[in-house]
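A.B. asks: Only the shape, not the letters, is given here:
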């Protein structure tokens, strides 16, 4: 099960965070700071899977963005690694570029995409057309 999903820039600023289990706000801040520091300090040659406290971290870097997913010990690391790439491909299909500013100014749409893909910490959809369908309908309604 996915515990949390983070998008962070190279400076360590959180651009998106979604938690799938309850963590108090002050503990979230500490957790995010520690996770971000851990992932950003690693070199490109190091593995993208990290054992961290009572869960695992899976991360990928796309230009200046890092996507970090915290999972429990029963989740498949490679499936989550591929899920991250699928998520970025969906963002790329919709926005045509995945950069920090686009994420910041379209945070609601990024949350919609993530919500279509993950439900209660479980990956439920990977088909790009199905993921984007509700967002495209909203865009058509906004145009008319």
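C.D. replies: Now that the structure is in, tell me what you want to look at. Given the structure is predicted, the values throughout are model-derived calculations rather than measurements.
A.B. asks: For the helix or strand of the chain with the lowest mean pLDDT, what is the distance to the chain centroid?
C.D. replies: The weakest-scoring helix or strand in the chain, judged by mean pLDDT, DSSP states H and E, is helix 100-105 (a mean of 89). Chain-centre distance of helix 100-105: 14 Å, with C-alpha atoms, centre = their mean, to the nearest Å.
A.B. asks: Compute the number of surrounding residues for residue 93.
C.D. replies: 14 (other C-beta atoms under 10 Å). C-beta here means a position set from N, CA and C on the backbone, and glycine is covered the same way.
A.B. asks: so which strand or helix has it?
C.D. replies: Assigned by DSSP states H and E, residue 93 belongs to helix 77-95.
A.B. asks: Just the buried positions in that helix, please.
C.D. replies: Buried positions in helix 77-95, judged by neighbour count with 16 or more other C-beta atoms under 10 Å: 77, 80-81, 83-84, 86-88, 90-91, 94-95.
A.B. asks: Let me have the residues you listed in TSV, adding distance to residue 110 as columns.
C.D. replies: Listed next are the buried residues of helix 77-95 as TSV, based on distance: C-beta to C-beta, whole Å:
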residue	distance to residue 110
77	23
80	18
81	20
83	15
84	14
86	14
87	9
88	11
90	10
91	7
94	9
95	9
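A.B. asks: which one of the residues you listed is nearest residue 119?
C.D. replies: residue 83 (12.9 Å; C-beta to C-beta).
A.B. asks: Quick check: closest non-adjacent residue to that closest one.
C.D. replies: residue 123 (5.4 Å; C-beta to C-beta, 6 or more residues apart in numbering).
A.B. asks: do the same with residue 89
C.D. replies: Using C-beta to C-beta, 6+ apart, the closest residue to residue 89 is residue 128 (6.6 Å).
A.B. asks: Do you know the pLDDT at the one you found?
C.D. replies: Listed pLDDT for residue 128 reads 97.
A.B. asks: That one: what's it in contact with?
C.D. replies: Residue 128 sits next to 86, 89-90, 93 when contact means C-beta atoms under 8 Å, 6 or more residues apart in numbering.
A.B. asks: Perfect, that will be all.
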